[in-house]
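Trainee: what's the 3D shape of this:
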Amino acid sequence: MSEDKGNEIIDPSKVKPGFCSATCVDRESLQNEISKPEIKTSDKFLTCNLPKRFEHPHWFNGYGCQVSKQHPFYRTSSSEYGWYPPGIYSVPSVFFPAGQTFTNRLSAAGMYRNYSLNTGMDPPGYT
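Mentor: Numbers count the residues shown, from 1 in each chain. Below is the predicted model:
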């Protein structure tokens, strides 16, 4: 028995297990689509000396949509931030790293310590 799907006739005996013939009849084009290389930020935008984490945003892991088993009924609206990993349109196309001179000096000398004596009265906790 054959089923008519639009213009094509699919023989159920030729359908492989684990392959849904209702959505994708052409398995070869599906495999080609899956095996395409991931798109980089520099493929879409003009970039200069981007770190690899911004050049390949598909490397980001651990976002809510990737790991969360939370029931959708109990999900809050604040969990929407950071739910999806960054894509090529949301990562920066330029990167200007900050220098570490302040941190290096602070770590070498230590934090400033205040030796003054507090002589003022603390305000009451009620109004």
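
Trainee: Helices of this protein, start to end?
Mentor: For the chain, the helices defined by DSSP state H cover 27-34, 41-44, 52-55, 64-67, 101-109.

Trainee: Would you format these as a markdown table with mean pLDDT and distance to N118 included?
Mentor: Bear in mind the C-beta positions are built from the backbone N, C-alpha and C, glycine included. Shown next, in a markdown table, are those (pLDDT from 0 to 100; distance: least, C-beta to C-beta, whole Å):
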| stretch | mean pLDDT | distance to N118 |
| --- | --- | --- |
| helix 27-34 | 75 | 67 |
| helix 41-44 | 79 | 52 |
| helix 52-55 | 79 | 46 |
| helix 64-67 | 70 | 46 |
| helix 101-109 | 88 | 24 |
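
Trainee: can you redo those helices as a markdown table with distance to T119 and mean neighbour count?
Mentor: Compiled in a markdown table, those are given as follows (distance: least, C-beta to C-beta, whole Å; neighbours: other C-beta atoms under 10 Å):
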| stretch | distance to T119 | mean neighbour count |
| --- | --- | --- |
| helix 27-34 | 72 | 10 |
| helix 41-44 | 58 | 14 |
| helix 52-55 | 51 | 14 |
| helix 64-67 | 51 | 11 |
| helix 101-109 | 28 | 9 |
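
Trainee: Nearest to Y89, out of the ones you listed?
Mentor: Nearest to Y89 among the helices of the chain is helix 41-44; the distance by C-beta to C-beta comes to 7.6 Å.

Trainee: Check what contacts that closest one and list those residues.
Mentor: The contact list for helix 41-44 (C-beta atoms under 8 Å, 6 or more residues apart in numbering) reads 47, 50, 54-57, 88-89, 91, 93.
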